[in-house]
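K.L.:
okay, predicted coordinates and the sequence, questions at the end:
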Amino acid sequence: MSAAAAALIAVSLLGEPGITVEDHECLAMNIYHEARGENVEGQIAVAHVTMNRVEHEYFPDNVCDVVYQARYNNAGNPIRHQCQFSWYCDGRSDRIHDEQAWQQAREIAFQVMTGEIEDNTNGATFYHSKYVSPQWIDHMEVSTAIGIHIFYVWDGRWI
């Protein structure tokens, strides 16, 4: 995506009620770091989980707060491996290295935020890679599997 196309997305977002340029960038960061190795459907699914959390009563009500939800130490830094999205506190750099993947993440973020792409997760608010088995899945209903991730719907209870 060219600088002109990026500017067009920013201008377009300003006209969308409840969507900020900051939230768009946070969603794009989440797509990029969580799913850049996935196919487009997998990236869309990660975007929808993020947006489904924004709409869920038990999560923060804006994209950036959902993406950066974590346990923080006294200095205000996220505690390693205590984040909702693993990339944010895995101890690795969050710098963008793949410009093409970054631009694709930005485009997907825009399309998901503006409703151009329907939710392919059936309302999921959680997911994990197929190669792990977290304890919290006992309290969830599988909604779908896309790429290397399994997606879950949560009713808000841990019992």
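P.N.:
Right, received. Where do you want to start?

K.L.:
can you give me the neighbour number for the closest residue to residue 64 other than its chain neighbours?
P.N.:
Closest residue in space to residue 64, ignoring its immediate chain neighbours: residue 26 at 4.0 Å, by C-beta to C-beta, 6 or more residues apart in numbering. For every residue, glycine as well, the C-beta is placed using N, CA and C. Neighbours of residue 26 under the rule other C-beta atoms under 10 Å: 20.

K.L.:
show residues contacting the one helix or strand residue 26 maps to.
P.N.:
Using DSSP states H and E, residue 26 maps to helix 21-35. Contact partners of helix 21-35, identified using C-beta atoms under 8 Å, 6 or more residues apart in numbering, comprise 9-10, 13-14, 42-43, 45-47, 50-51, 62-64, 67-68, 85-88, 94, 96, 98, 101-102, 105-106, 108-110, 112-113, 147, 149.

K.L.:
could you pick out the buried ones from these?
P.N.:
Taking 16 or more other C-beta atoms under 10 Å as the criterion, what is buried in those is 9, 13, 42-43, 45-47, 50-51, 63-64, 67-68, 85, 87-88, 101-102, 105-106, 108-110, 112-113, 147, 149.

K.L.:
number of residues surrounding residue 59?
P.N.:
Residue 59 has 18 neighbouring residues, counting by other C-beta under 10 Å.

K.L.:
ok, now which ones touch it?
P.N.:
By C-beta under 8 Å, 6+ apart, the contact list for residue 59 reads 53, 66, 69, 125.

K.L.:
now the second one: how far from residue 77?
P.N.:
From residue 66 over to residue 77 the distance is 19 Å, taken as C-beta to C-beta, to the nearest Å.

K.L.:
tally of neighbours for the closest residue to residue 101 other than its chain neighbours?
P.N.:
Spatial nearest neighbour of residue 101, chain neighbours left out: residue 36 (4.2 Å); criterion: C-beta to C-beta, 6+ apart. Residue 36: 19 surrounding residues under other C-beta under 10 Å.

K.L.:
what sits against residue 36?
P.N.:
43, 98, 101, 104-105.

K.L.:
quick check: buried residues in the helix holding residue 26?
P.N.:
Residues 23-35 are the ones in helix 21-35 that count as buried (16+ other C-beta under 10 Å).

K.L.:
how about the helices in the chain?
P.N.:
For the chain, helices defined by DSSP state H occupy the ranges 3-14, 21-35, 40-55, 63-67, 99-113.

K.L.:
appreciated, that's everything.
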